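Visitor: missing the sequence, but the structure's below:
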């Protein structure tokens, strides 16, 4: 938009369906694998997706399903010594791979771990329909009032523990 020209319109599922000569539902079945689609039809859909540069709208999907298939990894701010420990990179990489293998995106965000900041982040995560939050902290911000409303701390047993 810097030159006054509007940004090109993003391709929609309906655009893909029109180009492939199928219904919106068949496009969805093909891309999600939720129902059988004839090989020739699936190929037309994939060709239309490629030609149009179609990318499914994850925000719309999250609204429909109630899940963003997304996890957040809350870590100390970069001044924390945890970042100088070589274990941190391996740990973060392993978490990301495990999340991806299970169909989740994992986003890492840093915080000072002040209780008000942690609660604000948790509220933001809930508003964005984040499915879970992993916390790497020396202290225990999850024990702060209100932060444990959804989720579970994994640093101790859960049954019957306060």
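Guide: Right, received. Where do you want to start? Bear in mind the structure is a predicted one, so any value in this text is a computation, not a measurement.

Visitor: So which residues make contact with the helix or strand of the chain with the lowest mean pLDDT?
Guide: Averaged element by element with mean pLDDT, DSSP states H and E, the chain has its least confident helix or strand at helix 58-65 (a mean of 71). Contacts to helix 58-65, defined as CB atoms under 8 Å, 6 or more residues apart in numbering, come from residues 68, 69, 70, 129. Any C-beta I mention is one placed from the backbone N, CA and C, and that applies to glycine too.

Visitor: go on, stretch 6-14?
Guide: Around stretch 6-14, the neighbours that count as contacts under CB under 8 Å, 6+ apart are 1, 24, 27, 28, 52, 53, 54, 55, 56.

Visitor: one step back: ok, so of the contacts of helix 58-65, who is nearest residue 103?
Guide: Closest approach to residue 103 among the contacts of helix 58-65 (CB to CB): residue 69, at 5.7 Å.

Visitor: Tell me the spacing between the closest one and residue 102.
Guide: 9 Å (CB to CB, to the nearest Å).

Visitor: Repeat that for residue 51.
Guide: On the measure of CB to CB, residue 51 and residue 102 end up 31 Å apart.

Visitor: Comparing these two, which shows the higher neighbour count?
Guide: A count of neighbours by other CB atoms under 10 Å puts residue 51 above the other of residue 51 and residue 102, at 13 against 10.
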